[in-house]
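*Asks:* Take this sequence and fold it.
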Amino acid sequence: MHAKTEKPQLRITRSSPAYWRITFDNPPLNVMGPQFVREFREIITAIEADGDVKVVVFESAVEGFFLNHSDFNADLKDLTGMPQGPTGLEAWPDILVRITRMGVVSIAMIRGRATGNGSELALACDMSFASREKAKLSQWEVGVSLVAGGGPMARLPRQIGRQRALEVLMSSDDIGGELAEAYGYVNRSLPDSELDGFVDALARRIACFDKWSIANTKRLINAASLPPDVEIAAGWDACMTSIGRPAAQDRLKAFFELGFHRPGDAEDRLGSYLARLGHTA
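*Replies:* Okay, here's the model as predicted:
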């Protein structure tokens with residue numbers, strides 16, 4: 001059992017019975033560690049069990065970060081030791097697959113950095129909207145000799161095409177809101193001053209509609225568009241294998257020395273700092 005004395009890293013705001021907002025609040029960098037995953041899984045279970053909720057918006061309370069990469073200061077065994085979820089997948093991919101399948105519309109409102117886990121969440125959501133000035137999306141893993149674990153190899157090619165998916169994954173570079181919209185990485189990028197109002201109005205509109213119609217429309221879209229779970233599981237297995245490789249450990253160590261995983265320029269401009277790590281065989 002885990003003690004419940006830790007400060008919650010996620011919170012639910014029920015704007016109405018049909019419209020919930022889930023806020024990520026793990027300052028200073030909104031990294032994703034085991035506690036975050038445990039709390040997220042409980043929230044997804046609550047959404048699935050609620051008969052009234054129709055739309056959920058994911059947002060951040062941490063300036064500059066929507067949802068960031070994994071917590072590399074945490075013990076990996078605390079994450080890998082969690083029981084598999086109801087999909088049969090490991091904890092993080094299980095959450096993402098359940099978001100794609102639940103009979104509720106999920107919207108990512110991206111202000112700040114959505115790197116690794118944040119990008120994977122945005123890809124799992126039904127819609128995503130980004131701040132034109134402040135959003136930065138990336139799958140950074142190849143830059144540190146890792147393989148992404150939350151399914152972007154399965155989801156990105158279906159969403160933005162093979163070549164653009166390869167560009168995003170292989171470059172490990174930051175994608176701003178405007179380019180993300182042009183690529184289809186997000187639905188739209190909006191001026192930062194308009195983002196909250198647009199997403200709130202859309203969520204309230206959807207919340208007025210019939211849940212049965214929402215759930216069945218999403219179910220049929222899913223049948224035509226989602227990757228099979230075996231592809232998600234393969235990505236997770238490759239990610240876990242990659243973490244233990246000396247090349248990844250060496251590059252992560254070098255990245256820490258440049259300021260990774262603490263507030264500052266390396267986290268703010270992660271994509272450009274990856275290019276400073278040099279070459280590995």
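*Asks:* What are the contacting residues of the helix or strand where Met109 lies?
*Replies:* Using DSSP states H and E, Met109 maps to strand 105-110. The contact list for strand 105-110 (Cβ atoms under 8 Å, 6 or more residues apart in numbering) reads 54-59, 66, 99, 114, 118, 121-122, 124-131, 135, 137, 177, 186, 195-196, 199, 202-203, 206, 214, 218. From N, CA and C alone the C-beta is placed, and that goes for glycine too.
*Asks:* Show the average pLDDT along the next helix or strand along the chain from it.
*Replies:* Per DSSP H and E, the first helix or strand lying C-terminal to strand 105-110 is strand 113-115. Averaging pLDDT along strand 113-115 gives 98.
*Asks:* C-terminal to strand 113-115, what's the next element?
*Replies:* Taking DSSP H and E, what comes next after strand 113-115 is helix 117-124.
*Asks:* State the paired neighbours of the strand holding Met109 in the sheet, together with their directions.
*Replies:* Here strand 105-110 is paired, per DSSP bridges, with strand 55-60 (parallel), strand 127-131 (parallel).
*Asks:* Tell me where the stretch 51-200 of the chain has helices.
*Replies:* Counting by DSSP state H, counting those that start in this stretch, the stretch 51-200 of the chain has helices at residues 76-80, 91-101, 117-124, 152-160, 162-171, 177-183, 192-207.
*Asks:* mind checking which of the ones you listed is nearest Phe260?
*Replies:* With Cβ to Cβ, the closest approach to Phe260 among those belongs to helix 117-124: 15.2 Å.
*Asks:* Let me see the residues that make contact with that closest one.
*Replies:* With Cβ under 8 Å, 6+ apart, helix 117-124 has contacts from 30, 32, 58, 65-70, 92, 96-97, 99-100, 106, 108, 110, 114, 128, 137-139, 148-152, 155-156, 159, 185-186.
*Asks:* Return that helix as PDB; C-alpha atoms alone will do.
*Replies:* Only the C-alpha atoms of helix 117-124 are listed here, as PDB (Å, rounded to 0.1, in the frame of the first residue of the first chain):
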ATOM      1  CA  ASN A 117       4.200  11.400 -22.000                       C
ATOM      2  CA  GLY A 118       2.400  14.700 -22.700                       C
ATOM      3  CA  SER A 119       2.600  14.100 -26.500                       C
ATOM      4  CA  GLU A 120       1.400  10.500 -26.000                       C
ATOM      5  CA  LEU A 121      -1.600  11.700 -24.000                       C
ATOM      6  CA  ALA A 122      -2.500  14.300 -26.600                       C
ATOM      7  CA  LEU A 123      -2.400  11.500 -29.300                       C
ATOM      8  CA  ALA A 124      -4.600   9.300 -27.200                       C
END
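*Asks:* Now do that helix against strand 105-110, angle only.
*Replies:* Interaxial angle of helix 117-124 relative to strand 105-110 (axes from the mean of the first three to the mean of the last three Cα atoms, to 10 degrees): 140 degrees.
*Asks:* now helix 117-124 against helix 152-160, angle please.
*Replies:* With the same axes, to 10 degrees defining the directions, helix 117-124 sits at 50 degrees from helix 152-160.
*Asks:* what would the strands paired with strand 105-110 look like in CSV with distance to Gly259?
*Replies:* Below are these laid out as CSV (distance: least, Cβ to Cβ, whole Å):
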stretch, distance to Gly259
strand 55-60, 21
strand 127-131, 24
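*Asks:* Would you mind giving these as JSON lines with distance to Met82 and mean pLDDT added?
*Replies:* Formatted as JSON lines, the strands paired with strand 105-110 follow (distance: least, Cβ to Cβ, whole Å; pLDDT from 0 to 100):
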{"stretch": "strand 55-60", "distance to Met82": "21", "mean pLDDT": "98"}
{"stretch": "strand 127-131", "distance to Met82": "26", "mean pLDDT": "98"}
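*Asks:* quick one: Tyr185 and Ala165 touch, right?
*Replies:* No. Tyr185 lies out of contact with Ala165 (Cβ atoms under 8 Å); the separation is 9.5 Å.
*Asks:* Now for these two: what residues contact both?
*Replies:* Shared contacts of Tyr185 and Ala165, defined by Cβ under 8 Å, 6+ apart, comprise Leu156, Gln159.
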